[in-house]
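1. I'll drop the sequence and a predicted model, then ask my questions.
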Amino acid sequence: MSRTASPPAQDFVPFATAALDFHCSLNIPGGPLVTTRAELDTLHAHLVSLHGLLDAHAARTGQLVPVEGDQLRATRTRIWQAADHIHAAYHASPRPESGEVPEREACHAGLPEGAPELTICQRHQRAAHLVRRRTTPADLHSPFTGLVRR
């Protein structure tokens, strides 16, 4: 059995980054003045996926290199905070058909706007379960982004 690590599988993260950069350069300068709900939903999906990737890395790395694991856990928390803000922005944006702005509490009721708009809330609630298991309330509300382990 070889003691060398096997080569990693294809790394798609650089492609995701390039796609975001490409999207930004094509759509933001000449695009609409207000971010659409569809784009907020897509950005939320991206952040939740990134949160899951960082969670997996933090869990594996933290067992071997605790300081690096702490950094990854802090990053995971900040990404969740960003996803939570995107979710709030989605609910603060007007509905395309009526211009009505729904209340944030409607999301917690389970069916704030019906399908397909419901997908952002379902995704957010699924991710929130992971966040509640892996993050303390103090971590989520802390303004301090530095770490304590040396």
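-> Thanks, I have the structure now. Numbers count the residues shown, from 1 in each chain.
2. Helix or strand with the lowest mean pLDDT in the chain?
-> helix 105-108 (a mean of 61; mean pLDDT, DSSP states H and E).
3. Not counting the helix or strand that it is followed by itself, show me its contacts.
-> Downstream of helix 105-108, the next assigned helix or strand under DSSP states H and E is helix 119-134. Helix 119-134 is contacted by residues 40-41, 44-45, 48, 51-52, 55, 73, 76, 80, 83-84, 87, 90, 107, 110, 112, 140 when judged by C-beta atoms under 8 Å, 6 or more residues apart in numbering. The way it works is simple: take the backbone N, C-alpha and C, and place the C-beta from them, glycine included.
4. buried stuff in stretch 26-37?
-> Residues Thr35, Arg37 are the ones in stretch 26-37 that count as buried (16 or more other C-beta atoms under 10 Å).
5. just to revisit the earlier point, and the contacts of helix 119-134, which are buried?
-> Using 16+ other C-beta under 10 Å, the buried members of those are 40-41, 44-45, 48, 51, 55, 73, 76, 80, 83-84, 87, 90, 107, 112.
6. residue contacts, Ala56?
-> Ala56 touches nothing, counting by C-beta under 8 Å, 6+ apart.
7. Now Gln10: which helix or strand?
-> Counting by DSSP H and E, Gln10 is found in no helix or strand.
8. Repeat that for Gly69.
-> Short version, using DSSP H and E: Gly69 is in helix 66-92.
9. got the contact list for the most centrally placed residue in the chain?
-> Geometric centre of the chain, nearest residue: Leu47, 2.4 Å, by C-alpha atoms, centre = their mean. For Leu47, the contact set (C-beta under 8 Å, 6+ apart) comprises Ile79, Ala82, Ala83, Ile86.
10. Please report how far it lies from Leu53.
-> Distance, Leu47 to Leu53, using C-beta to C-beta, to the nearest Å: 11 Å.
11. and if you look at Asp41?
-> The value you get for Asp41 to Leu53, if C-beta to C-beta is used, is 19 Å.
12. One more: Thr135?
-> As judged by C-beta to C-beta, Thr135 and Leu53 stand 16 Å apart.
13. how about low-confidence regions in the chain?
-> Scanning the chain for pLDDT under 70 picks out the ranges 1-9, 31-32, 102-118, 143-150.
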